[in-house]
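Trainee: okay, predicted coordinates and the sequence, questions at the end:
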Amino acid sequence: MSTAQALPENPLRAAMRAGEPVFGMSVRLSRSPDIARVARASGHHFLFIDAQHAVFNPETIATLCQAAAALGVVPLVRVRSIDDPDVALLLDNGAGGIVFPDVNTPAEAERAVDRCLFRPKGRRSVAGGYPHFDFRGVPVAQASAALNAATLVCCMVETAQGLDSLEAIAAVPGVDVVHIGANDLLTSLGKPGQFDDPILVEAMDRAIAATARHGGFAGCGGNRDVARQAASVKRGVRFVTTQADTAFLAAAAGQWTAGLRKALEA
């Protein structure tokens with residue numbers, strides 16, 4: 001079996017096709033590959049490296065991606081926009097997929113696919129010596145097909161315009177996940193923080209139905225309540241960003257010091 005043939009389909013896609021939810025840890029603070037081990041040990045399936053809202057350089061992201069992939073944790077990168085110039089660079093250097101924020105139209109979703117996938121599915125430029133193959137030389141046709149199968153394309157719906165185009169975005173060939181960005185979407189609709197509002201529940205249900213029709217999957221992001229996340233999974237969401245590394249650290253540290261103060265008062 002050739003190296004390219006041995007490269008598996010993206011394990012997130014395979015798990016979601018089997019009806020299983022996948023959980024991702026948002027990474028905003030960590031710059032060390034150790035975060036991949038923490039993610040794996042805590043039951044996460046992927047890293048959601050947030051290059052939109054945190055300051056990372058490409059070399060750091062590549063290091064995180066290659067460490068995570070070696071540990072069986074899929075590294076995804078949320079880029080700054082649909083036009084982020086680093087998309088191909090990140091994919092060439094270990095990212096297992098790209099999360100595009102603020103996708104508002106099917107034309108933008110098509111651009112996302114074009115930038116992530118090789119011909120005939122997209123227009124990504126061919127490089128060589130990919131870390132996915134341990135830098136071995138693999139024939140271009142084999143490498144391109146294998147990397148297309150291993151790359152996840154995720155489009156975030158975060159505005160009223162994106163919500164209006166949700167079904168059309170989900171119908172674009174090559175879009176794997178339509179990820180509802182709850183915080184930005186609710187803010188766009190004039191309802192910041194109202195996570196139980198029927199309009200958000202309806203948006204999630206529309207994403208579930210639309211992606212199912214086209215072989216894709218619905219995602220839940222920005223909603224950091226465990227009960228709400230569980231409810232979305234029970235309705236059919238398969239892609240969930242649980243919480244950010246910063247929040248996990250702060251919550252655990254705060255719980256510890258609160259417990260210590262309580263013990264000292266006894």
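Mentor: Structure's in. What do you need?

Trainee: which stretches in the stretch 151-266 of the chain count as helices?
Mentor: 160-164, 166-170, 182-188, 198-213, 226-235, 245-265 (DSSP state H, counting those that start in this stretch).

Trainee: got these as JSON lines, with mean neighbour count columns?
Mentor: Bear in mind the C-beta positions are built from the backbone N, C-alpha and C, glycine included. As requested, these are arranged in JSON lines below (neighbours: other CB atoms under 10 Å):
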{"stretch": "helix 160-164", "mean neighbour count": "17"}
{"stretch": "helix 166-170", "mean neighbour count": "21"}
{"stretch": "helix 182-188", "mean neighbour count": "20"}
{"stretch": "helix 198-213", "mean neighbour count": "18"}
{"stretch": "helix 226-235", "mean neighbour count": "15"}
{"stretch": "helix 245-265", "mean neighbour count": "11"}
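
Trainee: roughly how far apart are G129 and N93?
Mentor: For G129, the distance to N93 (CB to CB, to the nearest Å) stands at 10 Å.

Trainee: more neighbours: these two, which one.
Mentor: Neighbours per residue, other CB atoms under 10 Å: of G129 and N93, the larger number sits with N93, 19 against 12.

Trainee: give the contact list for the closest residue to the more buried one other than its chain neighbours.
Mentor: Nearest non-adjacent residue to N93, counting by CB to CB, 6 or more residues apart in numbering: A62, 4.0 Å away. By CB atoms under 8 Å, 6 or more residues apart in numbering, the contact list for A62 reads 90, 93-94, 131.

Trainee: number of nearby residues for the residue nearest to A168 when sequence neighbours are not counted?
Mentor: Excluding its sequence neighbours, the residue lying closest to A168 (CB to CB, 6+ apart) is P106, at 4.1 Å. Neighbours of P106 under the rule other CB under 10 Å: 18.

Trainee: quick one: P106 and T187, what's the gap?
Mentor: 23 Å.

Trainee: C220 too?
Mentor: On the measure of CB to CB, C220 and T187 end up 16 Å apart.

Trainee: go on, K262?
Mentor: 36 Å.

Trainee: neighbours around A68, how many?
Mentor: Neighbours of A68 using other CB under 10 Å come to 27.

Trainee: nothing else from me, thank you.
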